[in-house]
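Trainee: Give me a model of this one.
(chains A, B, C and D)
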Number of protein chains: 2
Amino acid sequence: MLNTLSYGLLGLLAKEPCSGYDLMLRIQPFWQAKHSQIYPLLAKLERENYVQYERIEQRDKPDKKVYTITDVGREAVMEWLGEPPAETAFRDELSLKANCIWMTDRNTAAPLFLARMKQLETKIAYYEKLLTRIPEEERHIRSKHFGDYILLNRAVSLAEGQIEWCNWVIQMLEDGQDVLTSD
Amino acid sequence: MLNTLSYGLLGLLAKEPCSGYDLMLRIQPFWQAKHSQIYPLLAKLERENYVQYERIEQRDKPDKKVYTITDVGREAVMEWLGEPPAETAFRDELSLKANCIWMTDRNTAAPLFLARMKQLETKIAYYEKLLTRIPEEERHIRSKHFGDYILLNRAVSLAEGQIEWCNWVIQMLEDGQDVLTSD
DNA sequence: GCACGCATGTAATTGGTTACATGATTGG
DNA sequence: CCAATCATGTAACCAATTACATGCGTGC
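Mentor: Next up, the predicted model:
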């Protein structure tokens, strides 16, 4: 039994061989992990024969280790896929701050939600850029990009839902304030 | 500078004094933390004068420590509220599994999304139950329950959005399979 | 000259989970 | 009798972040 990140990395390697650096970038949208976590994990997976690597020399760039999944790795992924999905871990500082709105005024509260909206808009732009890179003919189950396609769709619609929510909250903040600040 | 969970706990204590056990239950919907993390944190916050506690004896139940926020604690919360919100940390095993759908068939993939839908339905029912406990007259900015009100609303609409997404994916799995399994 | 991207790694620390430990009361 | 709820805590471990460390090439 490996940890979730390990399975995530193996899942990416099942599609195509990648360097650790590459894996770090690709897993970002779905699971945040720094290189300092990924490199030692890959070394461990290699020791335990889930992956193999080959050192590739590059001109103009540092050498890289290109990892390939083994049959052991592929088996592990298939087994993992059979288990029901763990519940989503959702940790949002804004929700803890929202809990404290009653202590402050609109001038403190509103910027929190405006800042969040900007974060979300940046993300949407990024996700949509990635979506346009998936051609129509790759948007079916058997395509290796089917996962990216459905996940990017979810990411965009979730972010849009949250922007709507932020607007709703900001509206409430404005409406509610008028009643209380008549001075 | 405290960690996020500490501010979350202080934010709850700013509303009303609570026991550690109580805090653990109340913070669950917004930040998952076990009692084994909360109790030592509270002890640390007490040592650093952000909170105080009083031991309360109860008939028929074990003694409890009821924590109260101090002025130092309240100041810390206000300062924290002035800072922009950290980005949401969203870790979902299902998204890593979704990435691997191309490797399997409908019989492996569909149960993943069906299981997720059940998880989401359970959560929605729970959130809606909590929502009904917030009376109309508490659903405004100055109410201590304003935070719960807007957060539960978000939680419900996000969960509903995800159920829709699951249905969309399951539909794609069914449609896509027909084309390929004509034997 | 400096920042940034590519590329890899380790060390120290903090954050979070699982397991161990205790003990009373209530309801099935 | 067993499980669940209330109530608190510690110990061991795993997960994750931050900081330290190196080095080349490109573009500003």
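Trainee: List the residues that contact the closest residue to residue A:92 other than its chain neighbours.
Mentor: Nearest residue to residue A:92, sequence neighbours excluded (Cβ to Cβ, 6 or more residues apart in numbering or on different chains): residue B:88, at 4.5 Å. The C-beta positions use only the backbone N, C-alpha and C, and glycine is treated the same way. By Cβ atoms under 8 Å, 6 or more residues apart in numbering or on different chains, the residues touching residue B:88 are A:90, A:91, A:92, A:94.
Trainee: Quick one, grab the pLDDT at residue B:88.
Mentor: We have a pLDDT of 95 for residue B:88.
Trainee: Tell me the buried residues in the helix ranked longest in chain A?
Mentor: Looking across chain A with DSSP state H, the single longest helix is helix A:146-180. By 16 or more other Cβ atoms under 10 Å in any protein chain shown, the buried positions in helix A:146-180 come out as A:146-159, A:161-163, A:165-166, A:169-170, A:172-173, A:176-177.
Trainee: what's that helix packed up against?
Mentor: If you count contacts as 3 or more Cβ pairs under 8 Å, 6 or more residues apart in numbering or on different chains; DSSP states H and E, helix A:146-180 packs onto helix A:106-132, helix B:93-98, helix B:146-180.
Trainee: And those: which comes nearest DNA strand C?
Mentor: Shortest distance between DNA strand C and the helices and strands packed on helix A:146-180, using Cβ to the nearest atom of the strand, is found for helix B:93-98: 12.2 Å.
Trainee: Mind checking if that closest one is in reach of DNA strand D?
Mentor: No - Helix B:93-98 stays clear of DNA strand D (Cβ under 7 Å from any atom of the strand), getting no nearer than 10.1 Å.
Trainee: Please see if that helix touches DNA strand C.
Mentor: No - applying Cβ under 7 Å from any atom of the strand, one finds helix B:93-98 separated from DNA strand C by no less than 12.2 Å.
Trainee: how about the CA coordinates for that helix, as CSV?
Mentor: What follows is helix B:93-98, C-alpha atoms only, in CSV (Å, rounded to 0.1, in the frame of the first residue of the first chain):
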residue,chain,number,x,y,z
GLU,B,93,-8.0,11.3,-4.7
LEU,B,94,-10.8,10.9,-7.2
SER,B,95,-9.1,13.4,-9.5
LEU,B,96,-5.9,11.2,-9.5
LYS,B,97,-8.0,8.2,-10.2
ALA,B,98,-10.0,10.0,-13.0
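Trainee: List the contacts of it.
Mentor: With Cβ under 8 Å, 6+ apart, helix B:93-98 has contacts from A:4, A:7-8, A:11, A:30-31, A:80-81, A:85-86, A:88, A:147, A:150-151, A:154, B:112-113, B:116, B:169.
Trainee: same thing with stretch A:27-47?
Mentor: Counting by Cβ under 8 Å, 6+ apart, A:2, A:4-6, A:8-10, A:12, A:20-21, A:23-24, A:51-53, A:65, A:67, A:73, A:127, A:130, A:151-152, A:155, B:89, B:91-92, B:95-96, B:99 sit against stretch A:27-47.
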